[in-house]
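Undergrad: I need the structure of the sequence given here:
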Amino acid sequence: MTQQKFEFEGARDLATNLEGAATLIKGELNKALRKIGKMMVPALKQNTPRAAGKLANSTRFQITGSPADQKLEIRQGARTPAGDFYGSFVRLGTKPHEIRPVNAKALAFTIGNKLVFAKVVKHPGTKANPYHVDTLKEKQSEIQAVVTDAGINVAAKITR
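TA: Residues are numbered from 1 along each chain as shown. Below is the predicted model:
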C-alpha cells in the first residue's frame, strides 16, 4: 500500500502563525483589558456616591501581573484621615462605631449653625451601597463585546 500525502494551501503559513499565537493572545488580552478599564473607570466614577467627590475622583485602573497572567485592577484610592481606604466602607457598609480624632484633641463639626466639638462621636453605621456591582452589570454586554472582538482578532491574525 502506498502512502498518500495531502498538502493544504496555506498550511505552512498557519503553522508559522500558530507558533506566534501566544504572543498574539497576550497582546490582544492587554488591548482588551485596557479597553475595559477605559470603559469602566468613567462609569464607576459616575455611579460612585458623592459627598465631596473624593472617592469618585480617585478611581483608576491598572494592568497587573506578568504578560502571561494579566489582570485588570480598578481601584478607588481615597483614604480617611486615619489612612484607611474608605471605598470598601461605602460598598460594604459599616456597623455602628465610634469616631475619635486622629490629629487633634477633638472633632469639630457643625449642627445647624452651631460649631460643636467632641472627643468621640458614636456613628450609627451606614448601609452598603454596591454601586460597583451595579456598574459591572450595566457594562456587562459592552465588556462581552470587547472580549469577543479580541477573540475574533486573534483568530483572524492566526489564520492569515
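Undergrad: How about residue 101: what's its closest non-neighbour residue?
TA: Distances taken as CB to CB, 6 or more residues apart in numbering place residue 107 nearest to residue 101, at 5.2 Å, with adjacent residues excluded. Heads up, the C-betas are built off the backbone N, CA and C, glycines and all.
Undergrad: For residue 80, see how far away that neighbour is.
TA: 13 Å (CB to CB, to the nearest Å).
Undergrad: Looking at the two now, which is surrounded by more residues?
TA: residue 107 (15 against 11; other CB atoms under 10 Å).
Undergrad: what's around the closest residue to residue 147 other than its chain neighbours, how many residues?
TA: Nearest non-adjacent residue to residue 147, counting by CB to CB, 6+ apart: residue 32, 6.1 Å away. For residue 32, the neighbour count with other CB under 10 Å is 21.
Undergrad: Confirm residue 32 sits in a helix?
TA: Yes - secondary structure of residue 32 (DSSP: H, G, I helix; E, B strand; the rest coil): part of a helix.
Undergrad: Count residues in the vicinity of residue 143, would you?
TA: Burial of residue 143 is recorded as 15 neighbouring residues (other CB under 10 Å).
Undergrad: and it, what element?
TA: Residue 143 belongs to helix 131-158 when assigned by DSSP states H and E.
Undergrad: Could you give me the buried positions within that helix?
TA: Buried residues in helix 131-158, defined by neighbour count with 16 or more other CB atoms under 10 Å: 131, 132, 135, 136, 139, 146, 147, 150, 153, 154, 158.
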